[in-house]
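1. got a predicted model here, sequence first, then my questions.
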Amino acid sequence: MYPFRKDLFAAENRWYVASWGRDITDQPVERWILNRPLVMYRDSTGRVVAMDGRCPHRGFPLAKGRVCDDVIECGYHGMRFDATGACVHIPTQEHIPAKMRVASYPVHEVWDWVWIWMGDPQRADVGDVPDHTVLGLTDERNWEPDVKVYSHVAARYQLLHDNLLDLSHVGFLHGSTIGTADLARTEQRNTYGHDGVNSTRYVTDATLTPALAAAWGVDGVVDRELSLSFMLPCLHWGHDRFLRSRGVGTADAGQELAVRRIYHAITPATRHSAHYFFVRASGLHRSGPAPTLKFDYRKIIDEDVAAVEEIERLLAAGVAPVDISVRSDSHAVKARDLLERMIQNDGHQNDGPQADDQQADSGEADRFQSNQHQNDQYHARADGAHSMSAGSGNSQ
């Protein structure tokens, strides 16, 4: 489906963020992941359980049932299923057919995120979950995650990735808070790896919005560095930092004034909706207390969400996508290509595009191929770039 070839949706044999840990309790909750309804809950030991969310008897949603003795009881006819998905009780008979079961999924809870593996459980390795200490999420000596925002987005997940892969939008969509037009005018440095990409913009003598200057406690002539890495298929992370301008010729030229790490986890919900988890972390090893933000990150996230939902609204209506790329799009097009290859090589869902998908995806393969020549417009530059894996770090 757009913006991929029409039979492609999402990579299955990968870890995705399914939920904030605080949102999973001993009461069952329904959560759609990769176009499948799941039921999630905690057992008596606090362990998170995730399994298919429909009872195999008559398809009733298991999240409408209850948890009793660490198993889920269907609220329709009382069948019970344990954490492995096996049926352990049928009220009307003693014999339990072998096929009376649901699929269960590996989960891994680290920091405030519950990660889930939707593919072949034999291939699930928790070592493939990004290192949260390197990311800064569990590095309590240096970073404090102090802003957390969740949005359920009525748009396909790749539109959110596209948004984050082209930060030239920041100066326009977020012009009243964090963005100015000089971000778009500044050339972007891009680097690419097997399963990740990075973009960095270094703005000399940056213009700051009044809200941004007040929120970060930054004044005078400054440089701004905005960098974001995409660890396919789920996580974007990077930093936004300000330095005393190197052009001022003072003793503090180049000195770091403020820095924040930023994280965006994007998980496909259905074919036309997504889960969006945003986190900001403040550096604790910087001199002086972190300034209190005077603007609401929810407003910034809502601006992004509104933009992609407008695009989805037209796609869902059967309007063929308008997707004429310009020079600055080469990075996003390259990332799309890498993600499409991951889906093809890693296993993907092919459940038959719906009618509106078929209209929106018409000619998409030709469009995608026509943009590939843009991928080589930028050459990889190693200086200052992030590693393509969390294990190599992104230290500030």
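-> That came through, no problem.
2. ok, which stretches of the chain are helices?
-> 132-135, 157-165, 170-173, 182-185, 210-216, 297-316, 330-346, 355-360, 364-370 (DSSP state H).
3. now the angle between helix 157-165 and the longest one, please.
-> It refers to helix 297-316. Orientation check (axes from the mean of the first three to the mean of the last three CA atoms, to 10 degrees): helix 297-316 against helix 157-165 gives 130 degrees.
4. from Pro233, how far out is the closest residue to Thr92 other than its chain neighbours?
-> The shortest distance from Thr92 to any non-neighbouring residue, by CB to CB, 6 or more residues apart in numbering, is to His77 (7.9 Å). Where you see a C-beta, it was placed from the backbone N, CA and C, and this is true even at glycine. Here the criterion is CB to CB, to the nearest Å. By it, His77 lies 37 Å from Pro233.
5. so where's this structure shaky on pLDDT?
-> Where the chain drops to pLDDT under 70, the residues are 171, 174-175, 179, 184, 248, 284-295, 347-396.
6. about what we covered before: same drill for His77 and Pro233, tell me which one is more crowded.
-> Pro233 (23 against 14; other CB atoms under 10 Å).
7. please save the CA atoms from the longest strand seen in the chain in PDB.
-> Criterion DSSP state E: the longest strand present in the chain is strand 256-270. The C-alpha coordinates for strand 256-270 follow below in PDB (Å, rounded to 0.1, in the frame of the first residue of the first chain):
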ATOM      1  CA  GLU A 256      27.000  24.000  24.300                       C
ATOM      2  CA  LEU A 257      24.200  26.000  25.800                       C
ATOM      3  CA  ALA A 258      21.300  23.500  25.900                       C
ATOM      4  CA  VAL A 259      20.500  20.100  24.500                       C
ATOM      5  CA  ARG A 260      17.600  17.700  24.500                       C
ATOM      6  CA  ARG A 261      17.300  14.200  23.200                       C
ATOM      7  CA  ILE A 262      14.100  13.300  21.300                       C
ATOM      8  CA  TYR A 263      12.500  10.000  20.500                       C
ATOM      9  CA  HIS A 264       9.600   9.000  18.200                       C
ATOM     10  CA  ALA A 265       8.400   5.400  18.200                       C
ATOM     11  CA  ILE A 266       6.000   4.700  15.400                       C
ATOM     12  CA  THR A 267       4.000   1.400  15.300                       C
ATOM     13  CA  PRO A 268       1.500   0.300  12.700                       C
ATOM     14  CA  ALA A 269      -1.900  -0.200  14.200                       C
ATOM     15  CA  THR A 270      -4.200  -0.900  11.200                       C
END
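8. quick one: strands adjacent to that strand?
-> strand 235-244 (antiparallel), strand 273-283 (antiparallel) (DSSP bridges).
9. how far does that strand sit from the chain's center?
-> Offset of strand 256-270 from its chain centre (CA atoms, centre = their mean, to the nearest Å): 8 Å.
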